[in-house]
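Q: Fold the following.
(4 chains)
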2 protein chains.
Amino acid sequence: MDGRPANDTTSPWMPFENRRRARDEKREAVLRTAVQLFLEQGYHRATLNEVAERLNITKPALYNYFRSKEDILFECWALGQEQVDGFIAAIDGSRQNGLGKLRALVHSYAETMATDFGASLVRFDPRDLSPSNAKTVRAAKRGIDRTFRRYITEGIADGSIKPCDPKMAAFAIAGSLNWIGHWYQRGGELTPDAIADDFAERLTEGLATATVNKRPIKQPPAPRTKKSAARAPTTKKK
Amino acid sequence: MDGRPANDTTSPWMPFENRRRARDEKREAVLRTAVQLFLEQGYHRATLNEVAERLNITKPALYNYFRSKEDILFECWALGQEQVDGFIAAIDGSRQNGLGKLRALVHSYAETMATDFGASLVRFDPRDLSPSNAKTVRAAKRGIDRTFRRYITEGIADGSIKPCDPKMAAFAIAGSLNWIGHWYQRGGELTPDAIADDFAERLTEGLATATVNKRPIKQPPAPRTKKSAARAPTTKKK
DNA sequence: ACTTTTTATTACCCGTGAGTAATATAAGCC
DNA sequence: GGCTTATATTACTCACGGGTAATAAAAAGT
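A: Next up is the predicted model:
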């Protein structure tokens, strides 16, 4: 089926795929190193020389994989955004009322904020990007904001959330969540999971109509958010 | 009283004071212009040439008032911090229960976030500062965090706030508030006052034990923040 | 073994913007 | 007016870091 000639000596395809994979692995390694350094020192203070140094290569080698420093920044952001797109799609496709979706969104978003690529969504400055890339980022941010408002509006419509201003509520919730990206650090007392659980309850309790099952403050029987469920592969380039 | 000689011709003090005042006014003008530009474009993209240009002077003239770009950044931050210190001191001196203090804090903090110098508290990066200044900033941030937690703990003790984890609650509240500094812009639909009123209620309702007096949201008896009170003149050069 | 392509290195360019030196101008002061 | 001090300008230095050119080393393909 795969138009591969029955070649008993050496298949040219395997090596080809290997090479592609190796390349992508290197790309990813660059991004992992870069996002860490950018978060650590800030985009402007971080130099490509140091990124390269941490990878045991030299600066120009990076240009085999990326066109510019800004390109690297954008790709870091894109990886984080991909995560967000993934769980939003999953929640959208789930069968819950508005409050349930909002809780799930808060939970997943909180977890993402505790990752490097997730934090980059809020700690990187879109103004460091080219106009074209900045436009993409702004559109994505609007999309996230719209999702928050949509779930809230949905919850008001289905009666699970009490009437309120979706805009204001979304700002307040997103603010708490985005702030995680600024204070969370691995190895601290709070685990991403504990934070996500706490915030999922804390940021939605004020909006819920029913105050049911408030007794067991920990572990509400609320619908668990499926963690990394079926994520849309979203195979961009490659 | 003020060892000033009874001089009927011309008091040498007045002109002297005038010059001091003129100088301070210019200093402030630089800071106002700089904070705007820094917020607009980000600290690294903003150039002192452009700051000067907006003031109809040239770059070296700025060095009559500030030692460095970083110095300007720090002073902008300090003006914002001064506001915060002001209303925290006022609330501390007020006679309210923990919940009342927390509400007042949220209200004032929200208003401050809608100002240029207030926004600079969260939009400027301490890593752009000298180690010494960065230390000052970090200490101040810890102080604000401690204040949030203190009011919450106080509220739990006096029964106005239901038992919860002060650390988590403070993070959630501060996050919402700090985020204002990122999305608020003058001339939008939402006025600082409306935001402050809404957030003061929204961010504390989940913590309150009694759900009383939910109606009159506006104008907590919170004291006004004193503006530019006695600041150490900090007469640098000349 | 030879050629081609990929990946990396060394050595450089060069724009940028903070900060300074030398100097002119204006204002205060007697 | 004449001296002094404050304030501004023009013209410059210089470190830094992103990006490129030329080229070497390595790997893949035949």
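
Q: Please see if the helix or strand where A:Gly175 lies touches chain B.
A: In this structure, A:Gly175 sits in helix A:166-183 according to DSSP states H and E. Yes. If you take CB under 8 Å from any CB of the partner chain as the test, helix A:166-183 does meet chain B, through A:168-169, A:171-180, A:182-183. From N, CA and C alone the C-beta is placed, and that goes for glycine too.

Q: Can you turn the buried part of the residues you listed into a ChimeraX selection?
A: Restricted to buried positions by 16 or more other CB atoms under 10 Å in any protein chain shown, the ChimeraX selection for these reads:
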select /A:168,169,171,172,173,174,175,176,177,178,179,180,182
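
Q: And the residues of helix A:166-183 next to chain B, which is closest to DNA strand C?
A: The shortest approach to DNA strand C among the residues of helix A:166-183 next to chain B belongs to A:His182, at 24.8 Å (CB to the nearest atom of the strand).

Q: residues contacting the nearest residue in space to that closest one that is not next to it in sequence?
A: Leaving aside its sequence neighbours, A:His182 sits nearest to A:Arg123 (CB to CB, 6 or more residues apart in numbering or on different chains; 6.8 Å). Taking CB atoms under 8 Å, 6 or more residues apart in numbering or on different chains, we find A:Arg123 in contact with A:Leu39, A:Gly181, A:His182.

Q: Then A:Trp179?
A: B:Phe171, B:Ala174, B:Gly175, B:Ser176, B:Asn178, B:Trp179.

Q: how near is it to B:Phe171?
A: Distance from A:Trp179 to B:Phe171, counting by CB to CB, to the nearest Å: 7 Å.

Q: Over to A:Ser132?
A: 35 Å.

Q: A:Ile195 too?
A: A:Ile195 is 9 Å from B:Phe171, by CB to CB.

Q: Find residues that contact each of the two.
A: Counting by CB under 8 Å, 6+ apart, the residues touching both A:Ile195 and B:Phe171 are A:Ile180.

Q: anything in the one helix or strand A:Gly155 maps to near chain B?
A: Assigned by DSSP H and E, A:Gly155 belongs to helix A:131-158. No. Helix A:131-158 lies out of reach of chain B by CB under 8 Å from any CB, never closer than 9.1 Å.

Q: anything in the host helix or strand of A:Val84 near chain B?
A: Per DSSP H and E, A:Val84 falls inside helix A:69-92. No. Helix A:69-92 stays out of contact with chain B when judged by CB under 8 Å from any CB, the minimum separation being 12.7 Å.

Q: Just list what that helix packs against, helices and strands only.
A: On a contact count with 3 or more CB pairs under 8 Å, 6 or more residues apart in numbering or on different chains; DSSP states H and E, helix A:69-92 meets helix A:13-41, helix A:48-54, helix A:98-113, helix A:116-123, helix A:131-158.

Q: Flag every buried residue along the worst-scoring helix or strand of chain A on mean pLDDT.
A: Least confident helix or strand, chain A: helix A:13-41 with a mean of 87, by mean pLDDT, DSSP states H and E. Along helix A:13-41, these residues count as buried under the neighbour rule (16+ other CB under 10 Å): A:Lys26, A:Arg27, A:Val30, A:Leu31, A:Arg32, A:Thr33, A:Ala34, A:Val35, A:Gln36, A:Leu37, A:Phe38, A:Leu39.

Q: for chain A, what are the low-confidence residue spans?
A: A:1-16, A:212-238 (pLDDT under 70).

Q: how's it carved up into domains?
A: A:10-66, A:78-238 (automatic domain parsing).

Q: can you give me the offset of the longest one from its chain's centre?
A: Distance of domain A:78-238 from its chain centroid, counting by CA atoms, centre = their mean, to the nearest Å, is 9 Å.

Q: Stretch A:31-38 too?
A: Worked out by CA atoms, centre = their mean, stretch A:31-38 lies 15 Å from the chain centre.
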